[in-house]
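Enquirer: How does the following fold in three dimensions:
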Amino acid sequence: MRTPETPPLGSVVDFTTERALRRGEPVTRPAADPRTDPVAEVAGHLARLHDSGQPVVTVSWVNHHSALELLHAAPELLGRLTYLGVDGLFLRSLLGGGLVPRTSADLVLPELLGRLRAPRVAVVGGRPEDVASLRRAVAALLPADGEIVSVRDGYAGRPAPEDMDVWLARTRPTVVLAGLGAPLQEQFVLDVARYLPQGLVLTCGGFLDQVQQAGYYPAWAYPLKLNWLVRLAREPQRMWRRYSVEAVAALRARAALRAEVLGAAGFRRLRWYAWPEVDQRPAEATSS
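Expert: Coordinates of the predicted model:
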């Protein structure tokens, strides 16, 4: 039983604030409660959306690498997502540091999947040879009444847009995880949402690789904020450019990144844990 002094999950959802957001009025963030955990808050909020049968919700997280990819290739995708979170200490620092909570897929998904009521999970991403191990790894995160209904690799196995409705009608997922890299994964979740009436459709980046390897991040990595160093050590050929050349590019493009990410309606919703029916604020109300 929850003790009275512990705030319930979702306690930072302020419906006065939500009404202000609908009307396009300026809002101020209430003082942060040190007892709240943004990862648990977001996981609890998304679980309630899933379990209460709300219309389909799309979620993605960006780091400096994926934000640059989206900025250059398809910035309009950021504005179409229900929720947009921030992953990566470097991008957080470019966007405002402590004012931007870190709620990345590798933190939220293990917390979220175990909370869901009877989830039917479809996974798209990874290599063809990893399908079996990926199925086992994700299944281990589900509650007893959860089910893996489909696992497709992110290459030839990925459902094509013209086949999306058939695949979804056959598998009937309530959760779809897409680990395809930006901007492909953002476009994919939006394509899924066109045919899925209810549920959660989430990007997950490198989570699908990490979840298959027990202890991918050692216990000291998160407290010391050295996850990036662990990834660089584990995948140097893939990661060296991200933490050097692309980091410099993101620093130079920080004004554009701030405008696109902080200006996205999905970022505001996730920061406030607002329900998805909150309307986008008019452009003139968000300018400063």
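
Enquirer: And for the lengthiest helix in the chain, what's in contact with it?
Expert: Ranked by residue count and defined by DSSP state H, the top helix of the chain is helix 38-51. With contact meaning Cβ atoms under 8 Å, 6 or more residues apart in numbering, helix 38-51 is reached by 9-13, 57, 59, 83, 85, 101-103, 107-108, 111-112, 115-117, 119, 174-175, 199-200, 270, 273, 275-276. For glycine as for every other residue, the C-beta is placed from the backbone atoms N, C-alpha and C.

Enquirer: tell me which residues of it are tucked away?
Expert: For helix 38-51, the neighbour count (16 or more other Cβ atoms under 10 Å) marks 38-50 as buried.

Enquirer: quick one: strands adjacent to the helix or strand just after it?
Expert: The first helix or strand that comes after helix 38-51 along the chain, using DSSP states H and E, is strand 57-62. Its sheet considered, strand 57-62 pairs with strand 83-86 (parallel), strand 200-203 (parallel) by DSSP bridges.

Enquirer: want to throw the ones you listed into CSV with distance to residue 157 and mean neighbour count?
Expert: Shown next, in CSV, are those (distance: least, Cβ to Cβ, whole Å; neighbours: other Cβ atoms under 10 Å):
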stretch, distance to residue 157, mean neighbour count
strand 83-86, 27, 26
strand 200-203, 17, 26
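
Enquirer: rank those by mean pLDDT and give me the bottom one.
Expert: For the strands paired with strand 57-62, mean pLDDT drops lowest on strand 83-86, to a mean of 94.

Enquirer: what about that strand, distance to the chain center?
Expert: Computed by Cα atoms, centre = their mean, to the nearest Å, the chain-centroid distance of strand 83-86 equals 6 Å.

Enquirer: export the helix or strand that it is followed by as CSV, just CAs?
Expert: Next helix or strand after strand 83-86 toward the C-terminus (DSSP H and E): helix 89-95. In CSV, the C-alpha atoms belonging to helix 89-95 read as follows (Å, rounded to 0.1, in the frame of the first residue of the first chain):
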residue,chain,number,x,y,z
LEU,A,89,22.9,14.2,-21.7
PHE,A,90,24.4,16.2,-24.5
LEU,A,91,21.1,17.1,-26.2
ARG,A,92,19.6,17.9,-22.8
SER,A,93,22.5,20.4,-22.1
LEU,A,94,21.9,22.0,-25.5
LEU,A,95,18.1,22.3,-24.8
